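[1] one predicted model, sequence on top.
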There are 4 protein chains.
Amino acid sequence: MPFTYSRTVRFQDTDAAGVVYFANVLAMCHEAYEASLAASGINLNAFFCYPRIAIPITHATVDFMRPSFCGDEQKIYVTPKKLKDSEFEIEYEVFTVERVGKEIPEIQETCVARAFTKHVCIDSAQRVRSPLPLEVMKWLSQWSREGEKVFDDLETLL
Amino acid sequence: MPFTYSRTVRFQDTDAAGVVYFANVLAMCHEAYEASLAASGINLNAFFCYPRIAIPITHATVDFMRPSFCGDEQKIYVTPKKLKDSEFEIEYEVFTVERVGKEIPEIQETCVARAFTKHVCIDSAQRVRSPLPLEVMKWLSQWSREGEKVFDDLETLL
Amino acid sequence: MPFTYSRTVRFQDTDAAGVVYFANVLAMCHEAYEASLAASGINLNAFFCYPRIAIPITHATVDFMRPSFCGDEQKIYVTPKKLKDSEFEIEYEVFTVERVGKEIPEIQETCVARAFTKHVCIDSAQRVRSPLPLEVMKWLSQWSREGEKVFDDLETLL
Amino acid sequence: MPFTYSRTVRFQDTDAAGVVYFANVLAMCHEAYEASLAASGINLNAFFCYPRIAIPITHATVDFMRPSFCGDEQKIYVTPKKLKDSEFEIEYEVFTVERVGKEIPEIQETCVARAFTKHVCIDSAQRVRSPLPLEVMKWLSQWSREGEKVFDDLETLL
């Protein structure tokens, strides 16, 4: 089950072409990733700020389907996936949410962008690959499509 | 009655000193301002993006009391104040919200920053001062300390 | 011949992990793209800000080889490539430049990131694909590896 | 003698109103401050990133005289001033530089913004005020209007 993050496009996200600046879409996706970590009980400051076990992004890709505008209500679906013991990737689907129809109001979701980030877990001091920490395994089991499978791995670990 | 905006400090807000980058505090305040406008029914895209009547910031000031960290839960109190027919200022008080105490949990709010922005209303085409639009007068009456007084002015206008 | 852009990593580019925030690497690449356009005599404000013929980014990808730190001197090599009459892509290679060696000082360039952006030319009003403008063809002929070939196309156009 | 920093306004600096986003002007000023430190031989990574002696900004203020546009060539004059043994402020004057006149070309500098930041030197571990480090005293003597006076203090210290 993906994690869902709601967010309003802010003036600062935009550029002089009147739409969201391209690299800010990746920053919005990272914001959704942070919210998914917090929703799993992970302390963000300890996780991101000079940790012993760090999980930096090694690759990112993004496709833009439609422009986003200041004030747009958006939903970002965050779906992580374990790739290796020391590696996972995240898929982000960014939708603009609009209320359409007058008599029978309806919610219409339009996909505006789709992104991926790949993360590799390393021991910061020794600069070598390290297995994903337990709290990240729990986060993966909670939000990935193969949640149960990851959870099996998790139980083996415990 | 000030407008209250809740927000989590994001990784992107921080810098390599491990805390929120100073200029990003003003961006967070502007984000709270945008939310207060939206809460008054103002369309953000029409308001900010190449409008005929623009209300640019002419002055900003900010005091930093304490550093903010990635993941901090914050509340920003937004209090606008009409200065002239074509001018208002906004006061922002930024608080970090923590749950303290084990047996009897308590919410503790610590002021981390205080900022002001001054805005002047202009006719974009003619580059001359222009009276504040009606929707901005309504927003002022809703969130300013002197809400009722602004509302009197508003009624005179209508 | 690629366009070369020199740049110092700024404090604002970094995050609380002490290195450049991942999405800012793409913003640095875009900055290098802007410099390459200006070097070809293109007016940046007219080019980017609400133009009739717009060339938005439809796809971006980036690989991170090494972290970058505040104060790092970097060189970004910008190599555009025409894909279709209405489409081009840009390759960016980001290097950190260091002076090493005491007796015989040497310049050492280390690749820290590699990125691509894909751009599609559209008529903003009609929202349909449009051939690349002449000034962009000139820019392509100046900085692409196949500079001469693009120039042939260019001469056919003139 | 103030430090002079040259910089082109980038697309990322702008917002959907077509001009530089207000808080980014302060970030541009900080960029100029960083360049002035580097010009005095200060290592930026050691200076900013988790140092034992930190000099955080406690106050910032900025006045906007004119909008800035993507592609604008700017000059920022950085003038630091010692306030106390543990405190300094910096004045920033931001000018847009244009070439005007056809027959006799002239350089015209227009002031677009003016900012101040106040910095207090602290011992990061003990969270108490600390005298400014020697390298900062040297930087002050190099770029402040009262350069020589600071230098006298400096000589007393040595």
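    Ah, there it is. Just so we're clear, the structure is a prediction, and the values are computed from it rather than from any experiment.
[2] chain D contacts on chain A?
    A:11-12, A:14-19, A:21, A:23, A:50, A:69-70 (CB under 8 Å from any CB of the partner chain). Where you see a C-beta, it was placed from the backbone N, CA and C, and this is true even at glycine.
[3] 6 Å instead?
    By CB under 6 Å from any CB of the partner chain, the residues of chain A that approach chain D are A:11, A:12, A:14, A:15, A:16, A:18, A:21, A:70.
[4] burial count for the last one?
    So that's residue A:70. Using other CB atoms under 10 Å in any protein chain shown, residue A:70 has 25 other residues around it.
[5] local confidence estimate at it?
    Residue A:70 is assigned a pLDDT of 97 by the prediction.
[6] check contacts around it.
    Neighbour list for residue A:70: A:9, A:11, A:14, B:44, B:45, B:48, B:49, D:16 [criterion: CB atoms under 6 Å, 6 or more residues apart in numbering or on different chains].
[7] so the last one is in contact with residue A:13, correct?
    No: counting by CB atoms under 6 Å, residue D:16 stays clear of residue A:13, with 8.9 Å between them.
[8] about what we covered before: between the contacts of residue A:70, which is closest to residue C:1?
    Distance to residue C:1 across these (CB to CB) is lowest for residue A:14, with 34.2 Å.
[9] contacts only, for that closest one.
    Contact analysis of residue A:14 by CB under 6 Å, 6+ apart lists A:20, A:70, D:15, D:16.
[10] and residue A:113, by the same measure?
    Counting by CB under 6 Å, 6+ apart, the residues that residue A:113 touches are A:25, A:64, A:94.
[11] residues contacting the second one?
    Remark: with contacts taken as CB under 6 Å, 6+ apart, residue A:64 is in contact with A:113, C:58.
[12] gap between it and residue C:119?
    Here the criterion is CB to CB, to the nearest Å. By it, residue A:64 lies 11 Å from residue C:119.
[13] distance of the residue most central in space within chain A from residue B:53?
    Most central in chain A under CA atoms, centre = their mean is residue A:33, positioned 3.2 Å from the mean C-alpha point. Residue A:33 sits 39 Å away from residue B:53 when distances are taken as CB to CB.
[14] for residue A:112, same thing?
    Taking CB to CB, one finds residue A:112 at 29 Å from residue B:53.
[15] what is the neighbour count of residue A:73?
    Neighbours around residue A:73, by other CB under 10 Å: 16.
[16] more neighbours: residue D:16 and residue A:13, which one.
    Taking neighbours as other CB under 10 Å, residue D:16 and residue A:13 compare with residue D:16 leading, 28 against 23.
[17] how about the more buried one, what does it touch?
    A:14, A:18, A:70, B:48, B:49.
[18] now, those residues that are in helices?
    The helices, defined by DSSP state H, take in residue B:48 from these.
[19] identify the residues contacting the longest helix along chain A?
    Counting by DSSP H, the longest helix found in chain A is helix A:22-39. For helix A:22-39, contacts defined as CB under 6 Å, 6+ apart pick out A:3, A:5, A:13, A:44, A:60, A:62, A:76, A:78, A:92, A:113, A:115, A:143, B:10-12, C:23, C:26-27, C:57.
[20] mind listing what's buried along it?
    Neighbour-count burial for helix A:22-39, with 16 or more other CB atoms under 10 Å in any protein chain shown as criterion, is recorded at A:22-38.
[21] then stretch A:6-20?
    By 16+ other CB under 10 Å, the buried positions in stretch A:6-20 come out as A:7, A:9-20.
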